[in-house]
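**Student:** give me a 3D structure for the following:
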Amino acid sequence: MVAEYEIKKFMCEIGKRVYNNGFVAANDGNFSVRIGENEILTTPTGVSKGYMTPDMICKVNMKGETLQSSGPYKPSSELKMHIRVYEERPDVKSVVHAHPPYGTSFAIAGIPLTKQIMPEATIFLGCIPIAEYGTPSTYEIPDNISKYLQNYDALLLENHGALTYGVDLLAAYFKMESLEFYAKLMYHSIMLGGPKELSNSQVKDLLELRKSFNVPGKHPGELCLNNSCPTKEVCASKSVASKDSKCNCNEKQAQTQSKPESNDMSALVSEITRRVLNELNK
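**Tutor:** A predicted model of the protein is given here:
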């Protein structure tokens, strides 16, 4: 078993990567590692994640109560979100929350990352839905991410940022890197006229490949087939999508079919171009 101090040191190393990659600004972001049945190490609030030292890392229990901290350092104010992931996903041992620019831009624009455009993203992430907006540090965010946790290991948070989680801190962090790279490629391909998506047959082949890799964690599987749920959100689970959910495939597909031009990529590119030109001409 890795010593607790070594985990704290590695958390500081990941903090530097998160900060240096521009996934956070100033004191933004937070991440945690579950080290026991009732013990979690978490980054402190009000501290730049690029300048942390091991003594700043706090220890809390699964109720969010502080077990250990030093000096003025207090646990992350968004710990409720982390605890909800640990409660509902026993396989998860680390959670990372950040504000990567491209991924967060899609979250702000209300555009989920549902297009299957490259094998690595399909195999390791699938599609990435947007969890409905919640006020930071309240139970609104934990409640809003809950319905997605059994099918996804990466989420966009509406008008907020991104959340990834995995079997250890490195896995959770790499998923954040992969999410941002996926979003960046998606953005640039839209600027070039729209992505050429993988066919459903190609996506199914990649899903079979994932099975052979024995990749740990959850995956949305065939929910990622192109046009399976062409909406703002991707269904958290076909079995739990309900009338009061913002993600009902059948209802949304009917709406989309009645308005086939609403999802036309060329129209989206034209609209983005028009808005950019208008801003430049002001």
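**Student:** dump the residue contacts of the nearest residue to D143 once chain neighbours are set aside.
**Tutor:** Spatial nearest neighbour of D143, chain neighbours left out: G134 (7.0 Å); criterion: Cβ to Cβ, 6 or more residues apart in numbering. Yep, even glycine has a C-beta here, placed from its N, CA and C like the rest. Listed by Cβ atoms under 8 Å, 6 or more residues apart in numbering, the contact partners of G134 are E140, I141, P142, D143, N144, L157, H160.
**Student:** three-state assignment of the third one?
**Tutor:** Which is P142. P142 falls in the helix class when you classify it by DSSP: H, G, I helix; E, B strand; the rest coil.
**Student:** what about it, neighbour count?
**Tutor:** By the criterion of other Cβ atoms under 10 Å, P142 has 21 neighbours.
**Student:** how about the first one?
**Tutor:** Other residues near E140 number 15, with proximity taken as other Cβ under 10 Å.
**Student:** ok, now how distant is it from K80?
**Tutor:** Per Cβ to Cβ, to the nearest Å, E140 is found 9 Å from K80.
**Student:** same deal with the last one?
**Tutor:** With the distance defined as Cβ to Cβ, H160 ends up 14 Å from K80.
**Student:** which neighbours do these two have in common?
**Tutor:** Contacts common to H160 and K80, judged by Cβ under 8 Å, 6+ apart, are I141.
**Student:** just for the stretch 51-200 of the chain, where's the confidence low?
**Tutor:** Within the stretch 51-200 of the chain, no stretch has pLDDT under 70.
**Student:** can you point out the buried residues in the helix or strand harbouring I83?
**Tutor:** If you go by DSSP states H and E, I83 is part of helix 79-88. For helix 79-88, the neighbour count (16 or more other Cβ atoms under 10 Å) marks L79, K80, M81, H82, I83, R84, V85, Y86 as buried.
**Student:** same deal with stretch 14-33?
**Tutor:** Residues of stretch 14-33 classed as buried: 14-15, 17-19, 21, 23-24, 29-33 (neighbour count, 16+ other Cβ under 10 Å).
**Student:** what's the end-to-end length of it?
**Tutor:** Distance between the boundary residues of stretch 14-33 (Cα to Cα, to the nearest Å) amounts to 12 Å.
**Student:** who's in contact with that stretch?
**Tutor:** 7, 11, 40-43, 45-52, 76-79, 82, 93-101, 161, 168-170, 172-173, 176-177, 180.
**Student:** starting at the chain centroid, how far to that stretch?
**Tutor:** Computed by Cα atoms, centre = their mean, to the nearest Å, the chain-centroid distance of stretch 14-33 equals 14 Å.
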